[in-house]
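>>> sequence unavailable; structure follows:
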């Protein structure tokens, strides 16, 4: 197994970092959470961040924390699917095809929230679950999945996830249609 430094992966997949942070910021704005500072991309750890005011409401914390999972996953599919069909079915290849595949996979690789986001969500979920919030109860397995995904990054889980969304899922859909 080849070990590549995180900063180099971040540099190679910088559109995903940018979209990850933009998704956090978008959900902050949608839920009226004040954003103090945003770094969309830098070479370092973390590669990007959104500093916002403390969140009291569980539903808001859930949306802000999991926003990148939804947004980046959808964008990965949005960029890859239109390219996948001409390349796979009609054998039409050009540099734009590879550019959009790289863009989609790069974005998909940064879909999972960070461990910090998962820890914040876990704390909010524990408090909200005591009051019977159903979404809080359902979110516990998601937080565990986020932690597992972050640990599994050393085994390229983020790349496998993005490849499944961008290439595997269209392949499965294609087989169902044909």
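Everything's here; your move. These figures come from a predicted structure and were not determined experimentally.
>>> and the helices in the protein?
For the chain, the helices defined by DSSP state H occupy 6-12, 14-30, 58-90, 95-109, 115-130, 134-151, 157-163, 169-177.
>>> adding distance to residue 43 and mean neighbour count, write those helices out as TSV.
(C-beta placed from N, C-alpha, C; glycine too.) Rendered in TSV, the data for those read as follows (distance: least, C-beta to C-beta, whole Å; neighbours: other C-beta atoms under 10 Å):
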stretch	distance to residue 43	mean neighbour count
helix 6-12	5	15
helix 14-30	9	21
helix 58-90	20	20
helix 95-109	16	20
helix 115-130	19	17
helix 134-151	20	16
helix 157-163	18	19
helix 169-177	31	12
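>>> among those, which comes closest to residue 50?
helix 14-30 (4.2 Å; C-beta to C-beta).
>>> distance between that closest one and the chain's centre?
9 Å (C-alpha atoms, centre = their mean, to the nearest Å).
>>> okay, now the unreliable bits of the chain?
The chain contains residues with pLDDT under 70 at 1-2, 178.
>>> swap in 80 and give it another go.
Residue ranges of the chain with pLDDT under 80: 1-3, 85, 89, 93, 177-178.
>>> got the contact list for the most centrally placed residue in it?
Nearest to the geometric centre of the chain sits residue 111, at 1.0 Å (C-alpha atoms, centre = their mean). Contacts for residue 111 (C-beta atoms under 8 Å, 6 or more residues apart in numbering) come out as 16, 20, 68-69, 71-73, 76, 158, 161-162, 165.
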